[in-house]
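A.B. asks: based on what follows, work out the 3D shape:
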Amino acid sequence: MRRFPVLRFFLIALVTLLLIPPVVFTIVALSKGMAVAAIPGLLLDQYQAPRQNLFVCGAISIAPLLALLVVGWLYRRFRGSAETRHLMMWGGLIPIVLVQIWVNFDFWPAFLPSRVYPGFPHGLEFIIGPGVFAPIGMLLGVLTVWVSQRRAGEGRA
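C.D. replies: As a prediction, the model looks like this:
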């Protein structure tokens, strides 16, 4: 059985989570009719902004990713199969990524093109999504894979 490359998985997941905010920001800016030539400057401004900083908006999703790594470590510690752990990790990452995409598509259309902070309660989705919905989705994804793998294993026996 092949060894699961946890570091490679973590780096891919980390880069993906950090790239979602600027990619969604760019898509929303283009959909709002903003000039293509102005978008790099807007991205740079938003990376330096004290509110809704693009780096921080992506980095918040690292918390559920770390929780996923703990779940994978616990599964390995209790002698789980490498193949199931590999699938469980991807099954947990997909909901985290989907929540991150959803949160960004919820906020940036209200912020652009005026680039004026829309006020309370906007911006809370960047905390509530990764803090509540992403961990729940991650656990559901992990459990779904675990149950399906157990059932598949019972059918073969």
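A.B. asks: next, P113: secondary structure please.
C.D. replies: Classification of P113 using DSSP: H, G, I helix; E, B strand; the rest coil returns coil.
A.B. asks: now do the contacts for it.
C.D. replies: P113 is in contact with 29, 32-34, counting by Cβ atoms under 8 Å, 6 or more residues apart in numbering. Where C-beta positions appear, they are placed from N, C-alpha and C, glycine not excepted.
A.B. asks: return the member of the residues you listed nearest to F10.
C.D. replies: Nearest to F10 among the contacts of P113 is A29, at 29.8 Å by Cβ to Cβ.
A.B. asks: what about that closest one, how many residues nearby?
C.D. replies: When neighbours are counted by other Cβ atoms under 10 Å, A29 registers 23.
A.B. asks: so how far is A35 from it?
C.D. replies: As defined by Cβ to Cβ, to the nearest Å, A29 lies at a distance of 9 Å from A35.
A.B. asks: any stretches of the chain with poor pLDDT?
C.D. replies: 1-4, 154-157 (pLDDT under 70).
A.B. asks: quick check: buried residues in the host helix or strand of G153?
C.D. replies: Per DSSP states H and E, G153 falls inside helix 134-156. Residues of helix 134-156 classed as buried: 134-135, 137-139, 141-142, 145-146, 149 (neighbour count, 16 or more other Cβ atoms under 10 Å).
A.B. asks: likewise stretch 11-28?
C.D. replies: Buried positions in stretch 11-28, judged by neighbour count with 16+ other Cβ under 10 Å: 13, 16-18, 20-22, 24-26, 28.
A.B. asks: same check, this time on stretch 125-135
C.D. replies: For stretch 125-135, by 16+ other Cβ under 10 Å, it's 125-126, 129-130, 133-135.
A.B. asks: what sits against the spatially most central residue of the chain?
C.D. replies: Centroid-nearest residue in the chain, with Cα atoms, centre = their mean: V97, separated by 3.1 Å. Contact analysis of V97 by Cβ under 8 Å, 6+ apart lists 13, 16-17, 20.
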